[in-house]
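Peer 1: The following comprises the amino acid sequence and a computationally predicted model.
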Amino acid sequence: MTRLSVNVNKIAVLRNSRGGHEPDVVRAARTCLDAGAHGITVHPRPDARHIREDDVHALAALCGEYEVEFNLEGNPFAPPRPDYPGFIALCRAVRPAQATLVPDDDGQITSDHGFDFDNDIPALTPLVAELKSLGCRISLFADAGHPAIARAGECGAERIELYTGPFAEGHARGDSGPLAICTDAARRARAAGLAINAGHDLSQDNLGDFLRMVPGVEEVSIGHALIGEALYAGLTDTVRAYLDCIASAQG
Ligand SMILES: CC(=O)[C@@H](O)[C@H](O)COP(=O)(O)O
Ligand SMILES: NCC(=O)COP(=O)(O)O
């Protein structure tokens, strides 16, 4: 069965919009784990726009408490900044069960491409070796359509994470082409000995179709849609709780 790792970046977006501690990222992650999620994912960005260094430490401790996977995402080549020690430094500090390497540029709104396996392998190899020596499993963010996707393991990585943004866009417009590309990419990568993760813009609307057509996915990491959907699913009870609160106070 595919494992669900919930990405809680968006909880931190909300928190940071006001400063302070609410909504509490650790409480949200705990709620997800209590609900049965198999792990927690975060992607601290160098501009610290959502997840910060202290969140990474707190969430690593939480995942240790629950004995579940902590999946830390980031660009291993991005230089440190005053508010961001760098991805490798974070991994050295918290030793996540899985390190997902993503070649995102500074200032990107979100991740939108994977590695170029024809050119990036030599630079990745020593970093992957160091991360593996820390006990991390390594997954590389990958464009399903990259012709050399099967080469991802040459740097020592055990998994790829299929970038599912193009699939999600295709799904929304009724185009099954990107899904077929994912199916083929997973087949080629698995034949080369890689295990398959997937993520980006997966949602309740598209996840079932993805998993039916891309068999054997080890893990999906989902944040944006899941947190957005939770606003609706959790809102009814929350509004009733406020009405009850007003009624009891004034009743
Ligand atoms: C690696 C990846 O696919 C991203 O989806 C990422 O984890 C999301 O990051 P943001 O929440 O910053 O968009
Ligand atoms: N690796 C993908 C991830 O963690 C979540 O992506 P999204 O669901 O926020 O698009």
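Peer 2: It's in. Ligands and ions are numbered 1, 2, ... in the order given.

Peer 1: helices or strands next to the helix or strand of the chain with the lowest mean pLDDT in the packing?
Peer 2: The helix or strand with the lowest mean pLDDT-type score in the chain, counting by mean pLDDT, DSSP states H and E, is helix 224-250 (a mean of 84). Counting contacts by 3 or more CB pairs under 8 Å, 6 or more residues apart in numbering; DSSP states H and E, helix 224-250 packs against strand 3-7, helix 9-16. In short, each C-beta sits where N, CA and C put it, glycine included.

Peer 1: beta partners for residue 220?
Peer 2: Bridge pairing for residue 220 (DSSP bridges) gives the partners residue 4, residue 198.

Peer 1: So for residue 184, which of the helices and strands packed on helix 224-250 sits nearest?
Peer 2: strand 3-7 (23.0 Å; CB to CB).

Peer 1: Any part of the closest one near ligand 1?
Peer 2: Yes - Strand 3-7 is in contact with ligand 1 by CB under 6 Å from any ligand atom, via residue 7.

Peer 1: Can you name the residues of the stretch 101-250 of the chain that neighbour ligand 2?
Peer 2: So far as CB under 6 Å from any ligand atom goes, the stretch 101-250 of the chain lies against ligand 2 at 161, 199-202, 221-225.

Peer 1: from those, which would you call buried?
Peer 2: Buried by 16 or more other CB atoms under 10 Å: 161, 199-202, 221-225, out of those.

Peer 1: Quick one: residues contacting residue 204.
Peer 2: Applying CB atoms under 8 Å, 6 or more residues apart in numbering to residue 204 gives the contacts 225, 229.

Peer 1: where does the chain have low pLDDT?
Peer 2: 235, 237 (pLDDT under 70).

Peer 1: Can you name the residues of it sitting close to ligand 1?
Peer 2: Taking CB under 6 Å from any ligand atom as the test, the list of the chain residues beside ligand 1 reads 7, 9, 43, 45, 73, 102, 110-111, 141, 199-200, 223.

Peer 1: now do 8 Å
Peer 2: Within the chain, the positions adjacent to ligand 1 are 7, 9-10, 13, 41-43, 45, 49-50, 73, 100, 102, 104, 109-111, 141, 161, 163, 165, 199-201, 221, 223-224 by CB under 8 Å from any ligand atom.

Peer 1: Keep only those of those residues that are in strands.
Peer 2: 7, 41-42, 73, 100, 141, 161, 163, 199, 221 (DSSP state E).

Peer 1: of those, buried ones?
Peer 2: The buried subset of those - by 16+ other CB under 10 Å - is 7, 41-42, 73, 100, 141, 161, 163, 199, 221.

Peer 1: ok, which pair from these is furthest apart?
Peer 2: 42 and 163 (17.4 Å).

Peer 1: Helices of the stretch 101-250 of the chain, start to end?
Peer 2: Ranges of helices within the stretch 101-250 of the chain are 121-133, 165-172, 177-191, 207-213, 224-250, based on DSSP state H, counting those that start in this stretch.

Peer 1: Around the nearest residue to residue 66 once chain neighbours are set aside, count how many other residues there are.
Peer 2: Spatial nearest neighbour of residue 66, excluding adjacent residues (CB to CB, 6 or more residues apart in numbering): residue 33 at 5.0 Å. Residues near residue 33, counting by other CB atoms under 10 Å, number 18.

Peer 1: just residue 123 next, same as before
Peer 2: 13.

Peer 1: what does residue 82 give?
Peer 2: Neighbour tally, residue 82, other CB under 10 Å: 7.

Peer 1: Can you list phi and psi of it for me?
Peer 2: phi -50, psi -40 (degrees, to the nearest 10).

Peer 1: now residue 95
Peer 2: Main-chain torsions, residue 95, degrees, to the nearest 10: phi 50, psi 70.

Peer 1: That one and residue 63, how far apart?
Peer 2: Computed with CB to CB, to the nearest Å, the distance linking residue 95 and residue 63 is 11 Å.
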